[in-house]
Every structure is written in structure tokens, then in C-alpha cells.
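Novice: need a structure here:
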Amino acid sequence: MSKILILTNHSYMLYRFRLELIQALMKSHEVVLSMPFVGHEEDFQALGLRCIETDIDRRGINPATDLRLFHTYQQLLKEEKPDLVITYSIKPNIYGGLACRIAGIPYCANVQGLGTAFQRKGLAQFVTVLYKLALGKARTVFFENRENAEEFCRRGILSTGKETALPGAGINLERYSYVPYPENKAIHFLYLGRIMKEKGMDELFAAMRRLREKFGAGVVLDIVGFYDDEGYKAQVDQLVAEGIAVYHGFQSDPLPYYAAADCVVLPSYHEGMSNVLLEAAATGRPVITSDIPGCREAVEDGKTGLLCKARDCASLYEQMARMAETSPAERQAMGLAAHEKMVQEFDKHLVVEKTMASLFKGGHRICSEAPAGI
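Specialist: Model prediction:
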């Protein structure tokens, strides 16, 4: 039996969004996980998986810390001798990819969005060079939307034919099945995710204040998530004190919150493919989100939800007000259409099948010949 080693930066996220793929791999391979233990590692172990705790500074850019991670991966490859390595997120992709390339071990990477690294000019150039080195010998590189894949091709990071575009991680339609639309007296907008600037918190909070001026207590913002930026705690506390928002904290099971929502809002600046949008749509809730790669693919504007301009409070306010002014029947119809879109395009089973085929047969070409480099 061949051995597959998975490198990732977050055990909780791996379990939430890649469990079905891992279970499929386990049917014919030994699977070993290397990751920080931040939740669900015991669930993985209960499945019979061997889990190796690996410290990763997910957000820092300390060269000494990153060099230690690279050496950790080199040592791990020597000890485990995997037949194939699969990496998730930027640091495992880069340092795990480099270690595999040097060791001559086949590997596949997953780019789950471009993140802040590609938003800053100097850092983007540096990360581009690292990615070129790390992914140059990858069997295939998975992307969660086509535009991110095309960006890597445009930058000359990947040679033609190495990229595989998937509809995100897909959605488990057995777990996230349709839930009847709620009968709320007020319109409950739900934000579910990390509380941080890049998710559009400034625009969302400003839009909610304007909505409260127009609709009074007829609109409420439910917030579910943890503070990735503690600077927002005071703002959330103030919104709660004014009755504009209800803060529910981090919740391991989001289903009851989707069920209680009239509409889910995600005014993000960048995404790979938003799992929140897929989950909300699968449960039959219309969404409002940014017109950006990783969000727009999950929405048919005007049919299953509404798109707004990213980083634009006025645009977000207009779409939230538009949603608040629609009838419950219209919102319910949008939610039903959203659920059907998930069934047709984002079923987890289809994503796992395509991933498995690409892991062992190579990538699917989606962009033209890459330039020499940018």
C-alpha cells in the first residue's frame, strides 16, 4: 500500500473541508497528516489516521521561523518516505513543495486563494519567486477558482497543463441539506467567519448602521466567528450594545445559524472559494457577497443572491437594503435556487472524484501558454 503525506496549516479546517477526500484516499492508501493541532485531530485519529503535530506560524514572515519549517519538512520526508505528498495553504505549499522537489518525491499543491501576499506589490514579487521554485516540479496544482489559476499562469509560476481548477472544496449536501425558510419578524443578516478587515468588517458595520437608520429594529446582524483581529472587539461590543448586532462567538456547528438567517452576507476582499457561501446556499439561504473571484462563482446575481463591489460600503448597503425590501417569498425563492445551484455545480462527491482523478492522472489545462515571468 502506498503512503500519502498531507501537509497543512490547520487541523480544524482540514477536517471541516477535506474529510471526504481523505476518507476516499484511505480506501487504497496509507494516509499520514502533518499539521498544527488546533481541533479535530482526535477525530482524525479515531478514523485510524496517524497525525504528526507540526508547528506553523501561519501569518508571520520571519525567515528564521520559515527556515525551521522547511527543515522540519525535510526531516519528515526522510522519516516517512511518502510516495505522494499533498499540501494545503501557502507555507506548506512553498516549504513542503521545495522539500519534495529537492527530495524527488511526487507532490501536489492546493492554492486556496491568493490571500494578502498577492495584495502587496513587494511581497507579491517575493512570493511569486518562492512559488515558482516550489511548484516547478509539482504533479498538479489545484485552485478553487479559475481566475486564481490564470493569475499563476500569467505570473509564469506554473507551466501550461499543471493547473487543475475545482469548484472549491465542494459542499456535503447530506450535511448541508435544505432547511425551510425562517419566519422572522426582523430581517436577520448573518455574517459567519473570521472577524478581520479582509472579510469586509468595516464595510459591513458601516452598512448595518445605515440600515438601522432606514429600517429601525427591522434589521439585525448576527455575527458568528472569532476575532482574527482583536481591534474589532470594541466595535462589535458597541453594535451589540445598540441592539444592531448579536454576537454569538465561535460555533463549531454553523447549521442552526444558517437555518435562522434570512440572508448571509460576506463582503470579503479575496477568497479561494468561500465555503460559507456554499454552506449558506446549500441550506437554502440567499447571499450577498463581493463581486470577486472565489465569491461570484457561488452566486447567480439577482437569482440566488446579490453581488456588491468589494471594499465599497455604499454598494454593500444598497444590496442589503434591496434584500431587506424583498418579500419573504422572494427571498425563499432565491434560497431554493441557491440550493439547486449547489446540487448541480458544487456537490462534494463530484469534487472528490475530480480531485482523485487529477491526483493520479495529472492536471487539466485551463489557461494559455504562460509568459516567461513577471
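Novice: and the nearest residue to Thr54 once chain neighbours are set aside, helix, strand or coil?
Specialist: Distances taken as CB to CB, 6 or more residues apart in numbering put Ser34 closest to Thr54, at 4.7 Å, once the chain neighbours are dropped. In short, each C-beta sits where N, CA and C put it, glycine included. Classification of Ser34 using DSSP: H, G, I helix; E, B strand; the rest coil returns strand.
Novice: What confidence value was assigned to Ser34?
Specialist: Per-residue pLDDT puts Ser34 at 97.
Novice: same question, Arg365
Specialist: Arg365 carries a pLDDT value of 41.
Novice: Ala370 too?
Specialist: In this model, Ala370 is scored at 36, pLDDT.
Novice: Do I have it right that the residue nearest to Thr54 meets His10?
Specialist: No. When contacts are counted by CB atoms under 8 Å, Ser34 is not listed as touching His10 (11.8 Å).
Novice: more neighbours, the two?
Specialist: Each of Ser34 and His10 has its neighbours counted (other CB atoms under 10 Å); Ser34 has more, 26 against 20.
Novice: bridging residues for that one?
Specialist: Bridge pairing for Ser34 (DSSP bridges) gives the partners Leu7, Ile52.
Novice: State the distance from it to Glu183.
Specialist: Here Ser34 is placed at a distance of 47 Å from Glu183 (CB to CB, to the nearest Å).
Novice: one step back: what's near enough to touch the residue nearest to Thr54?
Specialist: Contact analysis of Ser34 by CB atoms under 8 Å, 6 or more residues apart in numbering lists 5-8, 51-52, 54, 73, 76.
Novice: Same list (these) but as CSV, adding distance to Ser89, pLDDT and neighbour count.
Specialist: Below are the contacts of Ser34 laid out as CSV (distance: CB to CB, whole Å; pLDDT from 0 to 100; neighbours: other CB atoms under 10 Å):
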residue, distance to Ser89, pLDDT, neighbour count
Leu5, 15, 98, 26
Ile6, 11, 98, 25
Leu7, 9, 98, 32
Thr8, 6, 96, 24
Cys51, 17, 97, 19
Ile52, 16, 97, 16
Thr54, 12, 95, 20
Tyr73, 13, 97, 26
Leu76, 16, 97, 20
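Novice: ok, those residues vs Glu330, which is closest?
Specialist: For the contacts of Ser34, the minimum distance to Glu330 (CB to CB) is 40.7 Å, reached by Thr8.
Novice: Check which helices and strands the one helix or strand in the chain whose mean pLDDT sits lowest is in contact with.
Specialist: None of the helices or strands of the chain scores lower by mean pLDDT, DSSP states H and E than helix 121-135, at a mean of 83. Under the contact criterion of 3 or more CB pairs under 8 Å, 6 or more residues apart in numbering; DSSP states H and E, helix 121-135 touches helix 97-103.
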